[in-house]
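sequence and predicted structure are below.
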Amino acid sequence: MCHPVTVAGVIVLLVNDHLLKQSWPGFVTGKLSDVAGLVVAPALLALLFWRRADLTATVLTGVLFTVVKTTETGAEAASYVWTLVAGPSRVLADPTDLLALPALALAWWVRRRTLARPSSARWRILVTMPLAVLAVTATSAAPPPLSAEIVEVEGSRIHVHTNHDGRVTSEDGGRTWTQATGGPGGGREGSGQSGQSAQCVPGQATRCYQVFKDRLGVEQSDDGGTTWRPAWAPSGDELKRLSRQYDPPSGLRSQSLAVVPQEGGHLVVVANGADGIAIRDTSGAWRRVGWPGAEAPDVDLEPEWRLALFLAICMMFAGAGAGLRRYGLAYTCSALTGCLGALFLVGSGTLQDAAFAAGVPIGFPSLLLTVSGAVGCVVLAGVGQARLTPVAIGMLAAPLVFGAVYLPFTWWAEGTPDSYGVAVALAALLTGLVVLASAAAIRSDARRANSGDQEPRPTGT
């Protein structure tokens, strides 16, 4: 682990990922990070095995690196793991990073050289390991989200420049768009313009348009800019969906526009930041184009998912406890403990952030509460002679409650229903039906159990 080449790799990672990438992001610093990481990673991975397994660690490093860099699934999995280890992180699939794979040969040579040397002193490992882990878990600065910033008209061509040194171009009045990256005029710097926030219709000075200063939308004036009225803005529900799609939502702001004369009227093309492009056609109808040729990001439904999971856990506890013959009070206390732990464990990010700000560590205590409550409920259900039917109903109703709560919001994310309030009402209705049906089934089972207990037993003659 303490071979000079490995130590050099650790130092390169520390300097490159924590300093150089922040100041000069690009091809060189990106590939340098991959090379240094492949030199250091096998040595760290080998420590996870009980016996010396340098070859296995080297091969496994190469396989994992290849999967992560060539598949979206691998990149997403790596992002999730790295977020757990080192905080919010983003790993991108990039097949060109496979150019760094020959560095594994250097890692293997280093490890083979260490076989001929005495084992490293314990103090060296203790000193080197934290540095190596810090270096490997360094997170790269995530690129800023794609943003449409400048609209430029060049003859019959309409260019919308982005902050990623690229542009989308239309030559047919905004009906179709093509993408381009790099090159002169490719992005904001190349356009040589700052973009217009307001413009009047050429040859019709009384009709003017301007973007809202702090949000998505366009205003229109019919008296040369003396008075203004809203011409287009997303609805409240559209804006709510958009704010769940783009992170941070502060990027949802109309940046600039251009008015383009056309036969039969005029177009208005708007650069809408993270939301891409919006267009007013010659008939006066507005439409959001978004990003041509790209799928819109998924709506973030994590708060609803957390709520659905919490209610499903509570339903499972409640169903099992409904059939207890003894220890009902003890079971209720244990179930409340488990539900309280689950509330903090899967609760809203706001709740967790508030606890963190107050200096209250809730991660491990919440897990402990949840596990202890669940174990207590299982034990009490056994000694309390819980009937199997209510337990089965609770286990079956838990995923139904989860679906009843979560599914209406997935439909809302796709646009049907359009209103978030309708999705809330639908989720409450479906959840209520599941709970009432489960309660009726448990009540029916309890009546059968009570009638069976009250039947006189035959006496012997």
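Structure's in. What do you need? All values derive from a computational prediction rather than experimental measurement.

gap between the two ends of stretch 179-197?
Its start and end residues considered, stretch 179-197 measures 23 Å (Cα to Cα, to the nearest Å).

spatially nearest residue to Thr178, not counting backbone neighbours?
Closest residue to Thr178 apart from its sequence neighbours, by Cβ to Cβ, 6 or more residues apart in numbering: Thr169 at 5.4 Å. The way it works is simple: take the backbone N, C-alpha and C, and place the C-beta from them, glycine included.

buried ones in the longest helix anywhere in the chain?
Secondary structure of the chain per DSSP state H: the longest helix is helix 420-454. By 16 or more other Cβ atoms under 10 Å, the buried positions in helix 420-454 come out as 420, 423-424, 426-427, 430-431, 434-435, 438, 441-442, 445.

please enumerate the strands of the stretch 101-250 of the chain.
Under the criterion DSSP state E, counting those that start in this stretch, the stretch 101-250 of the chain contains strands at 148-154, 157-162, 166-170, 178-181, 198-201, 204-211, 218-221, 229-232.

what number of residues lie near the residue nearest to Thr178?
18 (other Cβ atoms under 10 Å).

rewinding a little: comparing the strands of the stretch 101-250 of the chain by mean pLDDT, which bottoms out?
Comparing mean pLDDT over the strands of the stretch 101-250 of the chain, the weakest stretch is strand 178-181, at a mean of 75.

packing partners of it?
In terms of contacts (3 or more Cβ pairs under 8 Å, 6 or more residues apart in numbering; DSSP states H and E), strand 178-181 is packed against strand 166-170.

in the stretch 1-150 of the chain, where is pLDDT below threshold?
Applying pLDDT under 70 to the stretch 1-150 of the chain picks out residues 1-33, 36-41, 43-54, 80-90, 106-144.

measure His307 to Asp237 for me?
You called it His, but residue 307 is Leu. Separation of Leu307 from Asp237 (Cβ to Cβ, to the nearest Å) stands at 19 Å.

and for Trp305?
19 Å.

if we can go back for a sec, looks like the residue nearest to Thr178 contacts Trp177 (just checking).
Yes. Under the criterion of Cβ atoms under 8 Å, Thr169 makes contact with Trp177 at 6.6 Å.

next, count neighbours for Leu216.
As a burial measure, Leu216 scores 22 neighbours (other Cβ under 10 Å).

what does the pLDDT read for it?
pLDDT recorded at Leu216 is 92.

surely it and Leu239 touch.
Yes. Counting by Cβ under 8 Å, Leu216 touches Leu239, with 7.0 Å between them.

quick one: common contacting residues for the two?
Common neighbours of Leu216 and Leu239 (criterion: Cβ atoms under 8 Å, 6 or more residues apart in numbering): Leu252.

low-confidence ranges, the stretch 251-400 of the chain, go.
Filtered on pLDDT under 70, the stretch 251-400 of the chain yields the residue ranges 344-366.
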